[in-house]
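> could you work out the structure for the sequence below:
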Amino acid sequence: MTKRARIHLLAIAAAACFGLGAHANANDPTLSVYYNFDEEGDTIIDQSSYGNDGTITKGGSKRENSDIAGKALLFEQTRVDMNGPEFQNGPVDGITLAVWVNHNGVGVQTLLDANTTDHGSGLYHAEIRAGGFRWFHRDAGGTTVFNINPGPVLPAGEWVHFAGTYDSDSGEAKTFVNGEETHAANGAGTLSDNWDVNAGIGDHKNDRWLTGLLDEYYIFSRALDENEINSVMNGSFLSVNPQGKTAVSWAGLKAQR
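A predicted model of the protein is given here:
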């Protein structure tokens, strides 16, 4: 039995045990990271079963009350290090990145960064850009596995939900905004999980800084479908009722500090 098949069977078993049918749940073994950013301090607790805790290694650790759920982490030249060399359950056969973001619209801004000892270029570029989101991965050999660029434009100054997926079986990469598919592209190959240089959120090599707020940050080692992405976005993935998703402006959030 292949690794992918074993993971799929475990996911089905976990879903059956918790009465959630085919929907994902907090015990899904393909959930690699879940950060809710609710705790104070420099440690970001991973709520998945893998213990991929993050550490704020640059910038401050200020939280704001979130219009999504609980607290959100404020990024102002802030980096959350995910301990790439020891990261557990790194995506190989597929990936989903899903997160609520409220950014200020200035420059290129990084939602996921991972770098390898295999070459000097980045593995992932999950970047907010004025011309459209960049959702990209190159493997250990430097070959592009998937590339959506430009993807959707994420509006600045308000909360918006982004999700990017890739499945190595189908070769499909997709992006979603507020639960709706926006772009798709054909890719090929598996993903590199050699994050031995680093992995993190907020910058790429001390550049492309995220400026704004993040909440409810997920990484899965498989491609979620649209129904599952909506479950994550709406909070039903963890059986949590998120607060109303009011479009709060970045200027208003800055003024509250």
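
> show residues contacting stretch 110-117.
Residues outside stretch 110-117 that contact it (C-beta atoms under 8 Å, 6 or more residues apart in numbering) are 84, 97, 99, 101, 122-128, 140, 162, 192, 194-205, 208-210, 214, 219. Quick note: C-beta positions are derived from backbone N, CA and C, even for glycine.

> what of stretch 169-184?
4, 93-94, 133, 135, 146-148, 151-152, 154, 160-166, 185-188, 223, 226, 229-230, 233-234.

> which of the contacts of stretch 110-117 fall in strands?
Using DSSP state E, the members of the contacts of stretch 110-117 that fall in strands are 97, 99, 101, 122-128, 162, 198-201, 214, 219.

> are any of the contacts of stretch 169-184 buried, and which?
Buried positions within the contacts of stretch 169-184, assessed by neighbour count (16 or more other C-beta atoms under 10 Å), are 4, 93-94, 133, 135, 146-148, 151-152, 154, 160-166, 185, 187, 223, 229-230, 233.

> just the helices from this protein, written as ranges.
Counting by DSSP state H, the segments of the chain that form helices are 3-17, 226-234, 250-256.

> list the buried residues for stretch 187-198?
Buried residues in stretch 187-198 (16+ other C-beta under 10 Å): 187, 189, 190, 191, 192, 193, 194, 195, 197, 198.

> just stretch 61-69 next, same as before
61, 62, 63, 64, 66, 67, 68, 69.

> what score does the second one have for pLDDT?
Predicted confidence (pLDDT) at residue 62: the value is 93.

> next, the contact list for the nearest residue to it once chain neighbours are set aside, please.
In space, and not counting its chain neighbours, residue 62 is closest to residue 74: 4.5 Å by C-beta to C-beta, 6 or more residues apart in numbering. By C-beta under 8 Å, 6+ apart, residue 74 lies in contact with 60, 62, 63, 64, 212, 213.
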